[in-house]
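Asks: after the sequence you'll find the predicted model.
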Amino acid sequence: MYNFIEILCIVSELWMLYLFLNAFYFTSRQTLAKTAVSFCLFGAGVTILSFMPGVAFLRILFVFAGLTILAKVLYHATLIQGICSSALACVFIAVGDIITTILFNSFGISNRILVERGFARSLYLIIGHFILFAIFIFVCLLIRRSADTLSFKTVLPLLPCWSVSIVLSCLLAWQYVHTDDNMPALYLFVMLGLLYTNIIFLYFTSQLTKHALHEKELELTKHHYLMQKKYYDNLYQQNEEVRALWHDLNKYIRAIQTDSDNQALQDVTDRLNSVTQLVDVQNHTLNVILNEYLQIAKEHQTKLSMDIRVPAELNVNTVDLYIIIGNTLDNAIRACDILPPEERTIFIKMKMHHRVMYYETRNPYPQNQSLQNKDSLHGYGLKNVRNCLDHYYGYMKTSVENRQFIFQCHLNT
């Protein structure tokens, strides 16, 4: 029975290590079966060493080597990165063991009893994994690399349950020391159940977060399709207008030669000016996004000018580009709506320097708007923009110069 509890504790430790690697690295394109088999083989080795007496140091070395291999095979990690993260995980495991040992020693339970198969060791393992669980969760929050990983908002509801579990485990250890009766094994299964309740609660909470983000991505993908369709419709219309103008060009030239008041010249000029304006930068995704907002700005009688110098391929997620550019331009257009049409101008600047992308928007705002309240002009959606920038370890700032609201951000791509 105690061996069964130790195996279940090892399984929970494997899940924590899996969570730890996911927080550090992006996964490679590996199948679920390959990931499961890799962790099962790793877990089998850990289990065998856990049941062998006097090989604690060898177990730590195996965990270090196994995590390094898993990081290299299953994740986008270099060998040096795998070694560093594995060493860090082993340090956390050692720290958890030390804290648990000190706790049990303070209750009067000796280390000799802790290495023997029995109630005390099983309780030691359960409390140790509660503490290890807390350490790994805290580290995952600190190194959070994307929106679909753990967040403080996700973990916050778990704190009361985790705290109560630790207190109950300590009370059970105290009772074990101060009673002469044999402790029922059912107590251990209750504590083990609390450990797995914490794990399952955190797992399903994170899955719900991923599902919500996936739904949002599907919605933006649908919007992207509609924008692409509109872009190609405009492109087709422009092509047809140019073909028609080219077809009639010779007629206009002959008319200009014979028309004394140059009415034919005015007609051809008007037709050239009526050709639909389209944005054409190197990047296709930016073409689609900027063309949509060019049309929206036109509908709002707002002039949209831009300086775009980016490569054809950007290492920025399409959804993140929509959120960053869309929210900032929506806010800029909303701010310009308050102004007279002749003052409505928005300037966009985007450029790449090495692997850093710089993005900037400038727009005027009403004269009666207080400088202290400048954030209210662009407050909508900037929280989502900041979350997107966190994916790329970027930053943003807003400022006001000469009655111009300026948004600037950098993304590490």
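Replies: Structure received. It should be emphasised that the depicted structure is a prediction, and the values quoted were computed from it without experimental measurement.
Asks: residue ranges in the stretch 1-150 of the chain under the pLDDT threshold?
Replies: 28-30, 144-150 (pLDDT under 70).
Asks: now stretch 24-44: buried residues?
Replies: Neighbour-count burial for stretch 24-44, counted by 16 or more other Cβ atoms under 10 Å, picks out 24, 25, 35, 38, 39, 42, 43. Just so you know, the C-beta spots here come from the backbone N, C-alpha and C atoms, and that holds for glycine as well.
Asks: quick check: buried residues in the helix or strand residue 120 falls within?
Replies: Here residue 120 sits within helix 119-142, counting by DSSP states H and E. The neighbour-count check on helix 119-142 (16+ other Cβ under 10 Å) flags 119-137, 139-140 as buried.
Asks: alpha carbons only: can I get it in CSV?
Replies: In CSV, the C-alpha atoms belonging to helix 119-142 read as follows (Å, rounded to 0.1, in the frame of the first residue of the first chain):
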residue,chain,number,x,y,z
PHE,A,119,3.3,5.7,7.4
ALA,A,120,5.9,8.3,8.2
ARG,A,121,7.7,8.1,4.8
SER,A,122,4.4,8.1,2.9
LEU,A,123,3.3,11.2,4.7
TYR,A,124,6.7,12.7,4.1
LEU,A,125,6.4,12.1,0.4
ILE,A,126,2.9,13.7,0.2
ILE,A,127,3.9,16.8,2.1
GLY,A,128,7.1,17.0,0.1
HIS,A,129,5.2,17.0,-3.1
PHE,A,130,2.8,19.7,-1.8
ILE,A,131,5.8,21.9,-1.2
LEU,A,132,7.4,21.0,-4.5
PHE,A,133,4.1,21.7,-6.2
ALA,A,134,4.1,25.2,-4.7
ILE,A,135,7.7,25.8,-5.8
PHE,A,136,7.2,24.8,-9.4
ILE,A,137,3.9,26.8,-9.7
PHE,A,138,5.7,29.9,-8.4
VAL,A,139,8.6,29.5,-10.8
CYS,A,140,6.2,28.9,-13.7
LEU,A,141,4.4,32.2,-12.9
LEU,A,142,7.7,34.1,-12.9
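Asks: next SSE downstream of it?
Replies: Next along the chain after helix 119-142, taking DSSP H and E as the criterion, comes helix 152-155.
Asks: what's that next one packed up against?
Replies: Contacting helix 152-155 under the criterion 3 or more Cβ pairs under 8 Å, 6 or more residues apart in numbering; DSSP states H and E are the following elements: helix 119-142, helix 185-247.
Asks: quick one: buried residues of whatever helix or strand comes next after it?
Replies: Note on helix 152-155: by DSSP H and E, the next helix or strand toward the C-terminus is helix 158-177. Across helix 158-177, burial judged by 16+ other Cβ under 10 Å covers 158, 162, 165, 166, 168, 169, 170, 172, 173, 176.
Asks: so what secondary structure elements neighbour helix 158-177?
Replies: helix 79-106, helix 119-142, helix 185-247.
Asks: turn those helices into a markdown table, columns for distance to residue 343.
Replies: Formatted as a markdown table, the helices and strands packed on helix 158-177 follow (distance: least, Cβ to Cβ, whole Å):
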| stretch | distance to residue 343 |
| --- | --- |
| helix 79-106 | 52 |
| helix 119-142 | 46 |
| helix 185-247 | 27 |
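Asks: check the secondary structure at residue 361 for me.
Replies: strand (DSSP: H, G, I helix; E, B strand; the rest coil).
Asks: my read: it touches residue 329, true?
Replies: Yes - in this structure, residue 361 is within contact of residue 329 by Cβ atoms under 8 Å, at 6.8 Å.
Asks: need the residues touching each of those two.
Replies: Residues touching both residue 361 and residue 329 by Cβ atoms under 8 Å, 6 or more residues apart in numbering: 346, 348.
Asks: residues near residue 215, how many?
Replies: Using other Cβ atoms under 10 Å, the number of residues around residue 215 comes to 10.
Asks: and residue 387, by the same measure?
Replies: Count around residue 387 with other Cβ under 10 Å applied: 14.
Asks: from residue 140, how far out is it?
Replies: Distance of residue 387 to residue 140, computed by Cβ to Cβ, to the nearest Å: 17 Å.
Asks: what is the helix or strand that contains residue 287 packed up against?
Replies: According to DSSP H and E, residue 287 maps onto helix 284-299. Helices and strands touching helix 284-299, by 3+ Cβ pairs under 8 Å, 6+ apart, are helix 185-247, strand 303-309, helix 318-336, strand 345-353.
Asks: any chance of those in JSON lines, plus mean pLDDT and distance to residue 287?
Replies: Converted to JSON lines, the helices and strands packed on helix 284-299 look like this (pLDDT from 0 to 100; distance: least, Cβ to Cβ, whole Å):
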{"stretch": "helix 185-247", "mean pLDDT": "73", "distance to residue 287": "7"}
{"stretch": "strand 303-309", "mean pLDDT": "90", "distance to residue 287": "10"}
{"stretch": "helix 318-336", "mean pLDDT": "87", "distance to residue 287": "11"}
{"stretch": "strand 345-353", "mean pLDDT": "92", "distance to residue 287": "12"}
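Asks: I appreciate the help and will end here.
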